[in-house]
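# can't give you the sequence, but here's the structure:
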């Protein structure tokens, strides 16, 4: 199952750093994963969701 409602794509002039910061702030992976796990539990499906933390490196310099 794929839900792209929360998807954010890279802008035409956006750097890797800018995209990574936006992805970290939005946390679309967690938003979709946790919501889907909860919704699927209502119909008896146990979704095993583990956050990948792939954008964690963009949080390390949060003060910048």
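Now that the structure is in, tell me what you want to look at. Here the structure is a predicted model, which means the values were calculated and not measured.

# buried residues in stretch 24-31?
Neighbour counts using 16 or more other Cβ atoms under 10 Å place 24, 28, 29 of stretch 24-31 among the buried residues. Heads up, the C-betas are built off the backbone N, CA and C, glycines and all.

# for stretch 45-64, same thing?
Going by neighbour count (16+ other Cβ under 10 Å), the buried part of stretch 45-64 is 55, 58.

# could you give the mean pLDDT of that stretch?
The pLDDT scores in stretch 45-64 average 82.

# which residues sit against it?
17, 20-21, 23-24, 27, 29-30, 33-34, 36-37, 40-41 (Cβ atoms under 8 Å, 6 or more residues apart in numbering).

# now those in a markdown table, with pLDDT and secondary structure?
What follows is the contacts of stretch 45-64, written out as a markdown table (pLDDT from 0 to 100; DSSP: H, G, I helix; E, B strand; the rest coil):
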| residue | pLDDT | secondary structure |
| --- | --- | --- |
| 17 | 92 | helix |
| 20 | 89 | helix |
| 21 | 89 | helix |
| 23 | 86 | helix |
| 24 | 88 | helix |
| 27 | 84 | coil |
| 29 | 82 | helix |
| 30 | 83 | helix |
| 33 | 84 | helix |
| 34 | 85 | helix |
| 36 | 85 | helix |
| 37 | 89 | helix |
| 40 | 93 | helix |
| 41 | 94 | helix |
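
# tabulate those residues (CSV), appending distance to residue 10.
What follows is those, written out as CSV (distance: Cβ to Cβ, whole Å):
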residue, distance to residue 10
17, 11
20, 10
21, 12
23, 9
24, 14
27, 17
29, 16
30, 19
33, 21
34, 24
36, 24
37, 27
40, 29
41, 33
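
# show the buried residues in those.
20, 21, 23, 24, 29, 33, 36.

# tell me which two of those sit farthest apart.
Using Cβ to Cβ, the buried ones among the contacts of stretch 45-64 span at most 24.6 Å, a distance reached by 21 and 36.

# re earlier: and the two most separated of the contacts of stretch 45-64?
17 and 41 (36.6 Å).
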